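Student: Fold the following for me, if possible:
(chains A, B and C)
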Amino acid sequence: MPELPEVETIRRGLNKFILKHKITSTDVLCQKSFIGTPATGRVNNLRRFGKALIIDLDNGTSLMVHLRMTGQLIFDGKERYAAGHPSDNFTAELPNRQTRVVLKFDNGTLYFNDQRKFGFTKTLPTSKVENDDFIQKLAKEPWQMTVDEFYDKLQKHSKSCIKATILDQTIICGLGNIYADESLFAAGIHPARLSGSVTKAETAKLLTAARNVMDRSIASGGSTMATYVKADGTKGDYLEKFAQVFRREGKKCPRCGATIQKIKIAGRGTHICPHCQKLSFKSDSSACHSAERIKRND
DNA sequence: CTAGGATCCTGTCAGC
DNA sequence: TGCTGACAGGATCCTA
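Tutor: Numbering: from 1, shown residues only, chains lettered A, B, ... in the order given. Predicted coordinates for the structure are as follows:
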């Protein structure tokens, strides 16, 4: 689940609870979910690289957390702070079946939950964080990237469809399935378009869209998380707040009123407004072979 | 080198 | 009710 805005929200939220507090012990409930040697120490700093969260300790060790699809971090102290993949775990009794790592703090407990076990936590020397294989391969985030740089990257991957290209964290960093769909919609670009067919002007629109969509999500992220946690078992309206197309198949496009469709592109569920996002080049439709209609609602 | 598909894993939901 | 297949807010590995 968590894409860049969610991880940034977690970083800011968790800051209030664990900064300057000490990890006293670690319980690893699932070996696959923890790499390295458990470490104790006081939290000096929380950083983020793309979708990875780094917790620096005062003993030269850092804890890296990647939530992948279904990871969650839930801090249980005087109050509870929960973020990541939305589920009942936010309010459930912990640890539970999906709890993989338990970090005991001097002021509470931090649970790493992960239904599908794709995510991980790991310890490494603070000095080696930026050399870490995953971190080191990450491209710039949309705010740091220029239109020219982005355009060059798209041209370099001209034969793959634009959605697959912008999901690649080594090309542009931070977007996941939600924000890729939302950004492409905002820029009026069909996700099956070949990256090479995207014009310079469209590239600029897409880059701006990615920044705006994620800015908006970060800005509202904290409050929606808080709302979610306080809700008594009911699902939060996390997506409803800002999603224009994501998981809105069958509903009306907020811009033109056409019916939003769900298709499959690059192996991922993909949401589009067929009127606002058109395949403008003939080669586009044949190129993204995996693009197919999933549901028809017109 | 690129691009696309399979894969890791657990859980839920639609359709029979 | 039970079974089956599709799918899921990510990234890597394998193949052509």
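Student: rest of the way, CA atoms for contacts and neighbours
Tutor: OK.
Student: residues contacting residue A:101?
Tutor: Neighbouring residues of residue A:101 by Cα atoms under 8 Å, 6 or more residues apart in numbering: A:26-30, A:33-34, A:111-113.
Student: Only the buried residues of stretch A:162-170, if you could.
Tutor: A:162-167, A:169-170 (16 or more other Cα atoms under 10 Å).
Student: coming back round to it: of all the contacts of residue A:101, which comes closest to residue A:180?
Tutor: Residue A:180 has its nearest neighbour among these in residue A:113, at 25.2 Å by Cα to Cα.
Student: filter the contacts of residue A:101 to the buried ones?
Tutor: Using 16+ other Cα under 10 Å, the buried members of the contacts of residue A:101 are A:26, A:28-29, A:33-34, A:111-113.
Student: could you pick out which of the residues you listed are near DNA strand B?
Tutor: Counting by Cα under 7 Å from any atom of the strand, nothing from the buried ones among the contacts of residue A:101 sits close to DNA strand B.
Student: In CSV: those residues, plus pLDDT and secondary structure.
Tutor: Listed next are these as CSV, based on pLDDT from 0 to 100; DSSP: H, G, I helix; E, B strand; the rest coil:
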residue, pLDDT, secondary structure
A:26, 98, strand
A:28, 98, strand
A:29, 98, coil
A:33, 98, helix
A:34, 98, strand
A:111, 98, strand
A:112, 98, strand
A:113, 97, strand
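Student: re earlier: nearest to residue A:56 among the buried residues of stretch A:162-170?
Tutor: Using Cα to Cα, residue A:169 comes nearest to residue A:56 of those, at 23.0 Å.
Student: in which helix or strand would I find residue A:75?
Tutor: Here residue A:75 is covered by strand A:71-76, with elements defined by DSSP states H and E.
Student: packing partners for that strand?
Tutor: helix A:4-18, strand A:80-84, strand A:108-114 (3 or more Cα pairs under 8 Å, 6 or more residues apart in numbering; DSSP states H and E).
Student: Off-centre distance for it?
Tutor: 15 Å (Cα atoms, centre = their mean, to the nearest Å).
Student: now stretch A:41-51
Tutor: For stretch A:41-51 - counting by Cα atoms, centre = their mean - the centre lies 17 Å from the chain centre.
Student: That one - what's its average pLDDT?
Tutor: For stretch A:41-51, the mean pLDDT works out to 97.
Student: do the same with stretch A:174-188
Tutor: 97.
Student: which residues touch that stretch?
Tutor: A:2-5, A:50-51, A:141-142, A:163, A:166-167, A:169, A:190-191, A:202, A:205-206, A:209-210, A:213-214, A:243-246, A:268, A:270-273, A:276-278.
Student: Contact partners for residue A:130?
Tutor: Applying Cα under 8 Å, 6+ apart to residue A:130 gives the contacts residue A:136.
Student: Check the gap between the spatially most central residue of chain A and residue A:263 for me.
Tutor: Nearest to the geometric centre of chain A sits residue A:3, at 0.7 Å (Cα atoms, centre = their mean). Noted for residue A:3: a distance of 21 Å to residue A:263, by Cα to Cα, to the nearest Å.
Student: check whether the longest strand that chain A contains contacts DNA strand C.
Tutor: Counting residues, the longest strand in chain A under DSSP state E turns out to be strand A:41-49. No. Strand A:41-49 lies apart from DNA strand C when judged by Cα under 7 Å from any atom of the strand; the minimum separation is 9.6 Å.
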